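predicted model and sequence follow; I will ask about them next.
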Amino acid sequence: MVVRAFTVLAAVLGLVGTAFAQPQSAELSLILFENVRIFDGKSDSLSANMNVLVRGSTIEKISKDPIPVNPGIGTKTIVGGGRTLMPGLIDMHWHAMMVRPTVAALLGGDIGYLNLMAGAEATDTLMRGFTTVRDMGGPVFGLKRAIDDGIVPGPRIYPSGAIITVTGGHGDFRQPVELPRTIGAPQSRGEQLGAAMIADSPDEVRVRVREQLLSGATQIKLTAGGGVASPHSPLDASTFTEAELRAAVEAAENWGTYVTVHAYTPISIQRAIAAGVKCIEHGHLMDQQTAELIAAKGIWLSTQAFPDELADAFPPGSLERLKANVVFAGTDRTFELAKKYRIKTAFGTDILFSPQLAQRQGSLLAMLVRWYTPAETLIMATATNAELLGLSGKRNPYPGKLGVVEEGALADLLLVDGDPIANITLIEQPAKNFVVIMKDGKLYKNNL
Ligand SMILES: [Zn+2]
């Protein structure tokens, strides 16, 4: 009884971690990649043949000369054979909990089932070479913890927690019969899940933002304008007022992090920037003036080349399908503006409700060669994306450098059978072409 009481007390006081921690192994694992050419995440060409030593979770040494290893310590050697070693890929607009279920299954399904589905998808995500995702909304904190604890293989997750929206905004999936909402009344299903929270005043926004931060959000996501997949929000609608957006920005910045917003139209983008938002998701309907503003203020644009198949999630003739067509038509112009004004641009996919499309996650990256060189494309999905992850500051759950192959960086690495700069389509077939997948210094795949 005394022991049990202590256990409970220890849990309450947060002592469990120290009282019952596993003893740390004094010897960190050593893995040596021999004879690899390196795409370092920043350069537009591969290095000469190199050797790379990973100790524990970190890249310790990169050298042209052989790296001597003490055979007694049990170094694992991977004979690279001139293949390409590159940083793990990063997807900056992911919804780990919403890739596989349908909308109906998400809103009506059992949370245990949804979590197991998301766990299986997280493993597939890692096996496609995506070693990090920035999750742009959904109840993902448990999944992140299970991955970090080694319970299920998956990518590093930078969680936003619930998307924060307004009544009728993008992410409000309630039916009109559920109105009116009484503040303090039971939550809608989407809110119970932690998928999207509704907030209709600066005070409510502050509460919802702080709840996500308490839960471990590394950044905050609001929907500043209408969206494709939502039943009520017209694309042209601006949802939050500037005061509401500013309340979110203040709460996030007080916590050391930032707000990013879902926004397509010039007015919703401009208002978000005026309120102090640091990153725009999508931006597909922006105009030249808005692009100039984004560039001048150093705001990030996290945008996507949506494939036409994404619209297939919505029945032909449906309102959602019509909205998808309007947004998709803006893709080309958005990338042209992003290039013309040298906007800091991040890569993400935003795959929703389509396990089939998720299998083509790498293809969606390779599609960017319509606007960028292969090297620019790969740099965007590695070092540039990692730079945006850095906006989370001290809320970064994975201290260390991501998105690069350099001494001292975290060892999230892919060994590619070929040169992805010369042939970017290699990343479209990860099962065949990524012969080694490493995250945090651990091998999750080694076909050599
Ligand atoms: Zn999204």
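The structure has been received and is ready for your questions. Numbering: from 1, shown residues only.

ranges for the helices of the stretch 151-300 of the chain?
Using DSSP state H, counting those that start in this stretch, the helices of the stretch 151-300 of the chain run over residues 189-193, 202-215, 242-254, 266-274, 288-297.

OK, now which residue of the stretch 1-150 of the chain is nearest to the ion?
residue 136 (4.6 Å; CB to the ion). (Glycine included, C-beta is placed from N, CA and C.)

which residues sit in contact with that residue?
93-95, 160, 163, 221, 260, 262, 281, 348, 350 (CB atoms under 8 Å, 6 or more residues apart in numbering).

residue 301 too?
Residue 301 touches 279-280, 283, 294, 334, 338, 343-346, counting by CB under 8 Å, 6+ apart.

next, give phi and psi for it.
Taking degrees, to the nearest 10, you get phi -120, psi 120 for the backbone angles of residue 301.

relative to the ion, how far out is it?
14 Å (CB to the ion, to the nearest Å).

beta partners of that residue?
Beta-bridge pairing of residue 301 under DSSP bridges involves residue 280, residue 345.

assign a three-state SS to residue 438, would you?
For residue 438, the assignment made with DSSP: H, G, I helix; E, B strand; the rest coil gives strand.

look up how far residue 446 lies from it.
The gap separating residue 438 from residue 446 is 8 Å, by CB to CB, to the nearest Å.

between those two, who's got more neighbours?
residue 438 (23 against 13; other CB atoms under 10 Å).

the spatially most central residue of the chain sits in which helix or strand?
Computing the C-alpha centroid of the chain and ranking residues by CA atoms, centre = their mean puts residue 134 first, at 1.9 Å. Per DSSP states H and E, residue 134 falls inside strand 130-135.

if you average pLDDT over the helix or strand just after that strand, what comes out?
Toward the C-terminal end, the helix or strand that comes next after strand 130-135 (DSSP H and E) is helix 141-148. Mean pLDDT, computed over helix 141-148, is 98.

helices or strands up against helix 141-148?
Helices and strands touching helix 141-148, by 3 or more CB pairs under 8 Å, 6 or more residues apart in numbering; DSSP states H and E, are helix 111-127, strand 156-159.

do that again at 10 Å, thanks
Counting contacts by 3 or more CB pairs under 10 Å, 6 or more residues apart in numbering; DSSP states H and E, helix 141-148 packs against helix 111-127, strand 130-135, strand 156-159.

now it: buried residues?
Across helix 141-148, burial judged by 16 or more other CB atoms under 10 Å covers 141, 143-144, 146-147.

closest to residue 31 out of the residues you listed?
residue 147 (20.5 Å; CB to CB).

and the residue nearest to that closest one when sequence neighbours are not counted, its phi and psi?
Spatial nearest neighbour of residue 147, chain neighbours left out: residue 154 (3.9 Å); criterion: CB to CB, 6 or more residues apart in numbering. The phi and psi values for residue 154, taken as degrees, to the nearest 10, are phi -180, psi 180.

residue 154 against residue 120, yeah?
Yes: counting by CB atoms under 10 Å, residue 154 does reach residue 120; the two are 9.4 Å apart.
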